[in-house]
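Novice: Structure, please.
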Amino acid sequence: MSETATRWFSQFVKALESLKTFPERYSRVPESDVYGVEIRQLLYGKRGGMRRALFKIDGDTVRILCIRHASRGNATRNELFGE
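Specialist: Prediction:
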């Protein structure tokens, strides 16, 4: 992996780890209404490289459901819940 990719990935992991503190600060996503589960997203990156980390909050636990490119449409039930 290139140095640039390694740095990007490391910073992305730090952003995901920040979900430990007040994950409610991130916005709900349209998938919440479609699947009847509160799902939120952390957006990371710039322009054409932006990623969406979709997650739900279960008490004190944050569960990352999927990570996808932000330009793609809504996540499917299978992507989110493995069904």
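Novice: Which residue or residues pair with residue 55 through a beta bridge?
Specialist: Here residue 55 sits in beta bridges with residue 40, residue 64, going by DSSP bridges.
Novice: so it touches residue 38, yeah?
Specialist: No - between residue 55 and residue 38 there is no contact under C-beta atoms under 8 Å: 10.0 Å. Glycine gets a C-beta too; all of them are placed from N, C-alpha and C.
Novice: if you count what's nearby, which of these two comes out ahead?
Specialist: More neighbours surround residue 55 than the other of residue 55 and residue 38, with 23 against 14 (other C-beta atoms under 10 Å).
Novice: what's that one in contact with, if anything?
Specialist: 19, 23, 26, 39, 40, 41, 42, 62, 63, 64, 65 (C-beta atoms under 8 Å, 6 or more residues apart in numbering).
Novice: Read off the pLDDT value for it.
Specialist: What the model reports as pLDDT for residue 55 is 98.
Novice: Check the gap between it and residue 7 for me.
Specialist: Residue 55 is 23 Å from residue 7, where distance means C-beta to C-beta, to the nearest Å.
Novice: try residue 15
Specialist: To residue 7, residue 15 is 13 Å away according to C-beta to C-beta.
Novice: Looking at these two, which is more packed in?
Specialist: residue 15 (15 against 11).
Novice: Quick one: mean pLDDT for the helix ranked longest in the chain?
Specialist: When the chain is parsed with DSSP state H, its longest helix is helix 3-17. Rounded to a whole number, the mean pLDDT of helix 3-17 is 94.
Novice: try stretch 61-77
Specialist: Per-residue scores along stretch 61-77 average to 95.
Novice: Now do the end-to-end distance for it.
Specialist: Stretch 61-77 has an end-to-end distance of 21 Å (C-alpha to C-alpha, to the nearest Å).
Novice: buried sites along it?
Specialist: 62, 65, 66, 67, 68, 75 (16 or more other C-beta atoms under 10 Å).
Novice: how close does the closest residue in space to the third one that isn't next to it in sequence sit to residue 12?
Specialist: Sequence neighbours aside, residue 79 is the residue nearest to residue 66 in space, at 4.7 Å (criterion: C-beta to C-beta, 6 or more residues apart in numbering). Counting by C-beta to C-beta, the gap between residue 79 and residue 12 amounts to 18 Å.
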